[in-house]
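>>> show me how the following folds:
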Amino acid sequence: MIQQNVGYDKGIMLRALICISRQDRKMSTSSKLSASSVRSAFSARLTMLREAYGRSVGRPSMTRKEFAEILGLEAERYSTYERGTREPPLSVLVEIHMITGVNLNGLIAGDIDKA
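Sure, this is the predicted structure:
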């Protein structure tokens, strides 16, 4: 089992979410977004968060499996969230917040301005 390091760098994750937020704003030029584009944007933010969290705890190549273990999930289940084939339940989102400290508004909607 991978040890969780609570001394992560919040700045790295905030910069990652800012980058994704800017990409989301470019994508949301139309007034109505499709469910698949929303899911795709969320999965991109989740992937970036995993990578940023890995860098912040000294594991720059953190895999989906490693992050899933930290969250207490099966690797395949977590992978479905990053691939955008399933949406994580609220309990998983809360666990992601508790582990990484990420603002859920930023993760879900890409809106870091309301952090």
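>>> tell me which residues in the lengthiest helix in the chain are buried?
Ranked by number of residues, the top helix in the chain under DSSP state H is helix 35-56. Residues of helix 35-56 classed as buried: 38-39, 41-56 (neighbour count, 16 or more other C-beta atoms under 10 Å). To be clear about C-beta, it is placed using only N, CA and C from the backbone, and glycine gets the same treatment.
>>> other residues contacting the very next helix or strand once past that helix?
Downstream of helix 35-56, the next assigned helix or strand under DSSP states H and E is helix 64-71. If you take C-beta atoms under 8 Å, 6 or more residues apart in numbering as the criterion, helix 64-71 is touched by 1-2, 4, 50, 53-54, 59, 74-75, 77-79, 82, 92, 95-96, 99.
>>> excluding its backbone neighbours, what's nearest residue 94?
residue 104 (7.9 Å; C-beta to C-beta, 6 or more residues apart in numbering).
>>> that neighbour against residue 93, yeah?
Yes: Residue 104 lies in contact with residue 93 (C-beta atoms under 8 Å); the separation is 5.8 Å.
>>> between these two, who's got more neighbours?
Shown here are residue 104 and residue 93; by other C-beta atoms under 10 Å, residue 93 has more neighbours (17 against 13).
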